[in-house]
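**Student:** predicted model follows, preceded by the sequence.
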Amino acid sequence: MNRLSFLLCLLFLLPCSHLARSGTSPVTVGGYPIPATEMREQIIAWLHGTGFRISQDGADPENFTLECSKGDVRFLVEIRPNSPLASFAQVSDLTGIADGGSFINGLKAFLETYVLNLHRDEPVALQSMPDSVLRQAKAVFCLSAFAEGKTVEFSGFAVGRKGLIVTTAHDLEGIREIIVRLENGEKFSGMVVKRDPLRDLTLIKVEKSFSETLSAMKGRRKLNMGEKVYSMACPAHKHGMVRMGIVDEPPAIVQGRPLWQVNMDVAPGDSGGPVFDSNGRLAGVVKGRFRGGWSRGFLIPISTLREFLGSGGR
């Protein structure tokens with residue numbers, strides 16, 4: 001192929017490639033009294049709940065874009081702020097073969113319902129969570145420690161009725177005393193009795209008996225691609241915040257240890273929180289998020305937790 005033929009071919013392919021990417025023109029979903037970051041988080045939850053996989057999650061200082069797919073169809077959801085407390089969304093059908101109207105109407109209905117429920121006592125985000133997950137809240141704790149002149153906040157959960165709590169190990173080097181806050185606001189002082197930086201797990205002991213615990217032995221050793229999972233943690237020390245995610249990648253190997261990869265928002269303070277399957281079975285421990293993004297989370301698997309706790313497994 002000579003140079004002229006190559007350029008003509010390229011000129012022909014570029015518009016086709018653009019059309020394949022853009023599909024139909026963007027359709028406005030609507031404007032809502034929700035900050036852009038909050039709208040993004042709620043749309044991600046809705047996409048997961050309707051079976052869509054988020055294949056790209058991009059953000060710049062002004063806008064958020066979510067490219068999602070299910071089977072052969074793909075949509076691009078763009079979120080733009082109107083003001084610090086309001087934003088609007090629009091949708092582009094990237095394939096042109098999907099029922100874009102059904103997708104847009106579903107998203108509209110979800111956002112309208114979310115706005116209507118903003119002032120209810122129970123957060124709307126919890127209304128769609130399995131009861132089997134929400135019942136585990138009494139076994140989850142907000143933890144804090146003082147290190148290098150600042151307070152470090154994280155999460156943990158009971159693994160033994162005689163005051164044993166598991167959390168992550170990063171940020172706890174040289175720390176012995178931990179403050180443990182229960183669901184009812186009661187506080188206790190805990191001591192680090194075992195810390196494993198390689199597995200990124202720590203065992204804490206408090207002088208208190210727990211009525212509710214989580215079992216690593218009854219937990220899920222294997223998760224399935226596309227499976228929904230639910231984290232329960234303490235971002236900003238808000239007890240029992242539940243987030244839904246999807247296992248959308250095979251386990252990653254980091255420093256020789258496996259980590260589950262999930263499409264899930266992970267915020268500061270979530271590390272050490274338990275993750276459950278839809279039946280409320282322990283499925284992992286929140287390790288952290290991919291730097292540079294909020295929606296790529298890493299989970300410590302049950303097999304690693306069992307190794308850490310020993311043959312008893314608790």
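**Tutor:** Done, it's in.

**Student:** pull the number of nearby residues for Met191.
**Tutor:** 13 (other Cβ atoms under 10 Å). (Glycine included, C-beta is placed from N, CA and C.)

**Student:** beta partners for it?
**Tutor:** Glu177, Lys205 (DSSP bridges).

**Student:** so who does it touch?
**Tutor:** Neighbour list for Met191: Arg176, Glu177, Ile178, Ile204, Lys205, Val206 [criterion: Cβ atoms under 8 Å, 6 or more residues apart in numbering].

**Student:** check contacts around the nearest residue to the first one once chain neighbours are set aside.
**Tutor:** If the residues on either side of it in the chain are set aside, Arg176 comes closest to Val192, at 5.4 Å by Cβ to Cβ, 6 or more residues apart in numbering. Counting by Cβ under 8 Å, 6+ apart, Val192 touches Leu172, Ile175, Arg176, Glu177, Ile178, Thr202, Leu203, Ile204.

**Student:** any idea which of those has the most stuff around it?
**Tutor:** Highest neighbour count within the contacts of Val192, by other Cβ under 10 Å: Ile204, with 28 neighbours.

**Student:** is it correct that it is in contact with Gly190?
**Tutor:** Yes - using Cβ atoms under 8 Å, Ile204 is in contact with Gly190, at 4.3 Å.

**Student:** need the residues touching each of the two.
**Tutor:** By Cβ under 8 Å, 6+ apart, the residues touching both Ile204 and Gly190 are Leu143, Ile165, Ile178, Val180.

**Student:** identify the residues contacting the second one.
**Tutor:** The one in question is Ile165. Phe141, Leu143, Gly156, Phe157, Ala158, Val159, Val180, Gly190, Leu203, Ile204, Lys205, Val206.

**Student:** what pairs with the helix or strand hosting it, parallel or antiparallel?
**Tutor:** Taking DSSP states H and E as the definition, Ile165 sits inside strand 164-167. Strand pairing for strand 164-167, determined by DSSP bridges: strand 150-160 (antiparallel), strand 201-206 (antiparallel).

**Student:** tell me the most buried of those strands?
**Tutor:** Per residue and on average, the most neighbours among the strands paired with strand 164-167 fall to strand 201-206, with a mean of 23 (mean count of other Cβ atoms under 10 Å).

**Student:** any idea of the mean pLDDT for that strand?
**Tutor:** Taken as a whole, strand 201-206 has a mean pLDDT of 96.

**Student:** got a list of contacts for that strand?
**Tutor:** 143, 156, 159, 163-169, 172, 178, 180, 188-196, 272, 285, 300, 304-305, 308-309.

**Student:** mind checking which of those residues are buried?
**Tutor:** Among those, those scoring as buried are 143, 156, 159, 163-169, 172, 178, 180, 188, 190, 192, 195, 272, 285, 300, 304-305, 308-309 (criterion: 16 or more other Cβ atoms under 10 Å).

**Student:** nearest residue to the middle of this protein?
**Tutor:** Met264 (2.3 Å; Cα atoms, centre = their mean).

**Student:** could you measure from the nearest residue to it once chain neighbours are set aside over to Val229?
**Tutor:** Spatial nearest neighbour of Met264, excluding adjacent residues (Cβ to Cβ, 6+ apart): Gly245 at 2.5 Å. Per Cβ to Cβ, to the nearest Å, Gly245 is found 5 Å from Val229.

**Student:** hey, what's in contact with both of those two?
**Tutor:** Shared contacts of Gly245 and Val229, counting by Cβ under 8 Å, 6+ apart, come down to Val262, Met264, Val275.

**Student:** of the contacts of Met191, closest to Phe88?
**Tutor:** Checking those against Phe88 with Cβ to Cβ, the nearest one is Ile178 at 43.8 Å.

**Student:** tell me the contacts of the closest residue to the closest one other than its chain neighbours?
**Tutor:** Of all residues not flanking Ile178 in the chain, Gly190 sits nearest, at 4.2 Å (Cβ to Cβ, 6+ apart). For Gly190, the contacting residues are Leu143, Gly163, Ile165, Glu177, Ile178, Ile179, Val180, Ile204, Lys205, Val206, by Cβ under 8 Å, 6+ apart.

**Student:** wait, a strand at Ser132?
**Tutor:** No - counting by DSSP: H, G, I helix; E, B strand; the rest coil, Ser132 falls outside a strand, being helix.

**Student:** that one: how many residues sit nearby?
**Tutor:** If we define neighbours as other Cβ under 10 Å, then Ser132 has 14 of them.

**Student:** lovely, talk soon.
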